[in-house]
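no sequence on hand, only this structure:
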């Protein structure tokens, strides 16, 4: 069976690192958001763990961008590259994701419209988390109290949305019958030709073209 | 007609008797505090002479680091070692002093936002805090409209501990008045039944408005009603007291809207996504059967 590389080892390691740190931040954040926080020193430790997670979640992408700036630039560019097919995708998506006829879906590139929306949400949400988190950590007592108060509220709203987005990501990657190669591709980096053709038609054609021009490449 | 010595002495005795009955510094209600009594403090700013005895008594009683007598040039701020202080305010050619300590709000922002339950109301309605439960987040510091709680913390790690006035709960439990009230030599700090103190405060304001037209009583309705009431010779803003009476909107959004909403949002998302998977699977199976 034809297999196509979709995620490089770097991308996969990065994905799972971010996943682990994200979950650590969700759990520690949840313990602080809900009034169940272990009191006293345990609570202080939860706050420390949350900050360590924050440093990694800011530091790791920063290092990634530094060493893979070309790939990172494409990552952002892809999310902002929109065409008519994206609108068709949005119209056809509900039917498709509820198990309807896949022929109504327009062919998609390396990432589809949903992934573009997800990336935009990550970029916006990440920026909000970093800015409000930075203020609450380093500018407590320096910015006016009202600014701090609304940072808490905005940080928490973003948190609620981020958890919903994570549920969606998890459902699509692990449970959705249409995305049956998604999870495995983030483990071994490859998808089948059939999957690539049906889910990312434009990307598949591009690879096929490149292979024709350069038959030596896999 | 010249008064006789006997009449003069009778008059003195009557005055002393009156003073005993209406002794403002030591009301008897404090001593026999019944459970659920609404006790409070009334700070009559017009009677404060800026002697700093309340400041010193508070430090002494609570075992906080003691200092020499401060002056108006460098009034000490509230800190982990200073739970009550005076805020000198220049009024015409005189100084006026606002006793600054926890107001023990009935609807306290700090209690509302405290995520660890370290802050709560005690049986007398005062805002108590359990230091061993504090996780050092400092939300109380940022949400308190009176800038009262103070945090000792490490900026890098965020580890910290909050402290503030306890309303001398140990003394009050023994039927004594708070250390600051007992120390006050002019009766500017009174301790007793809240409704009685409110009445007294209103009476005092009626007297004061003759010479201080902006005099007012502060704390009756602010933040659900304060347990530290103020007779102010000037408007609250002159003393840096907030005019708004309710909790900050952010505290309400955070505690009353976001917390319940989070569960609704996550529950709805989980249910919707599960339904989506089930429907998609079912339709795929049907489509395969149809082939």
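Here it is on my side, so go on. In this text, all values refer to a predicted model and were calculated from it rather than measured experimentally.

now do the same for the residue of chain A most remote from its centre: its pLDDT.
Largest separation from the mean C-alpha position in chain A: residue A:40, at 34.3 Å (CA atoms, centre = their mean). For residue A:40, the model assigns a pLDDT of 76.

residues near the closest residue to it other than its chain neighbours, how many?
Excluding its sequence neighbours, the residue lying closest to residue A:40 (CB to CB, 6 or more residues apart in numbering or on different chains) is residue B:132, at 5.0 Å. C-beta: built from backbone N, CA, C; applies to glycine. For residue B:132, the tally of surrounding residues (other CB atoms under 10 Å in any protein chain shown) stands at 10.

residue B:132 looks like it's in a strand, true?
No - assigned with DSSP: H, G, I helix; E, B strand; the rest coil, residue B:132 falls outside any strand and is helix.

hang on, it packs against residue A:39?
Yes - counting by CB atoms under 8 Å, residue A:39 is a contact partner of residue B:132 at 7.2 Å.

and for the closest residue to chain B within chain A, the neighbour number?
With CB to the nearest CB, the shortest gap between chain A and chain B falls at residue A:43, namely 2.7 Å. Residue A:43 has 23 neighbouring residues, counting by other CB under 10 Å.

cool, and residue B:239?
Residues near residue B:239, counting by other CB under 10 Å: 19.

distance of it relative to residue A:11?
In this view, residue B:239 and residue A:11 are 60 Å apart by CB to CB, to the nearest Å.

name the residue of the stretch 51-200 of chain B that lies nearest to chain A.
Nearest to chain A in the stretch 51-200 of chain B, going by CB to the nearest CB, is residue B:135, at a distance of 2.7 Å.

so where's the chain uncertain?
Assuming you mean chain A. A:1, A:35-38, A:214-218 (pLDDT under 70).

chain B is the one I meant
Using pLDDT under 70, chain B drops low at B:1-36.

ok, residue A:207 - contacts?
A:4, A:196 (CB atoms under 8 Å, 6 or more residues apart in numbering or on different chains).

name the element it belongs to?
helix A:201-213 (DSSP states H and E).

any buried residues in that helix, and which?
Using 16 or more other CB atoms under 10 Å in any protein chain shown as the test for burial, helix A:201-213 gives A:201, A:203-204, A:207.

circling back to that earlier point, show me the contacts for the residue of the stretch 51-200 of chain B closest to chain A.
A:37, A:39-40, A:42-44, A:46-47, B:115-116, B:118.

could you redo the last one with a cut-off of 10 Å?
By CB atoms under 10 Å, 6 or more residues apart in numbering or on different chains, the residues touching residue B:135 are A:31-32, A:37-47, B:114-118, B:158-162.

one more: residue A:83?
A:89, A:106, A:109, A:113.

now, which of the residues you listed lie close to chain B?
With CB under 10 Å from any CB of the partner chain as the criterion, the contacts of residue A:83 include none near chain B.

before we move on, back to that, okay if I get the buried residues of helix A:201-213 as CSV plus distance to residue A:158?
CSV is the format used below for the buried residues of helix A:201-213 (distance: CB to CB, whole Å):
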residue, distance to residue A:158
A:201, 34
A:203, 31
A:204, 35
A:207, 36
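
just those residues now: which is nearest residue B:146?
residue A:203 (60.4 Å; CB to CB).

tell me which stretches of the stretch 51-200 of chain B form helices.
All helices of the stretch 51-200 of chain B, identified by DSSP state H, counting those that start in this stretch, fall at B:53-62, B:109-113, B:139-143, B:169-173, B:179-183, B:194-208.

please apply the same query to chain A.
A:9-33, A:41-67, A:69-80, A:84-97, A:113-138, A:145-170, A:182-188, A:193-199, A:201-213 (DSSP state H).

residue contacts, the closest residue to residue B:83 other than its chain neighbours?
What sits nearest to residue B:83 in space, not counting adjacent residues and going by CB to CB, 6+ apart, is residue B:165, at 4.3 Å. Neighbouring residues of residue B:165 by CB under 10 Å, 6+ apart: B:58, B:62, B:78, B:82-84, B:100-104, B:126-127, B:129, B:148-149, B:178, B:180, B:228.
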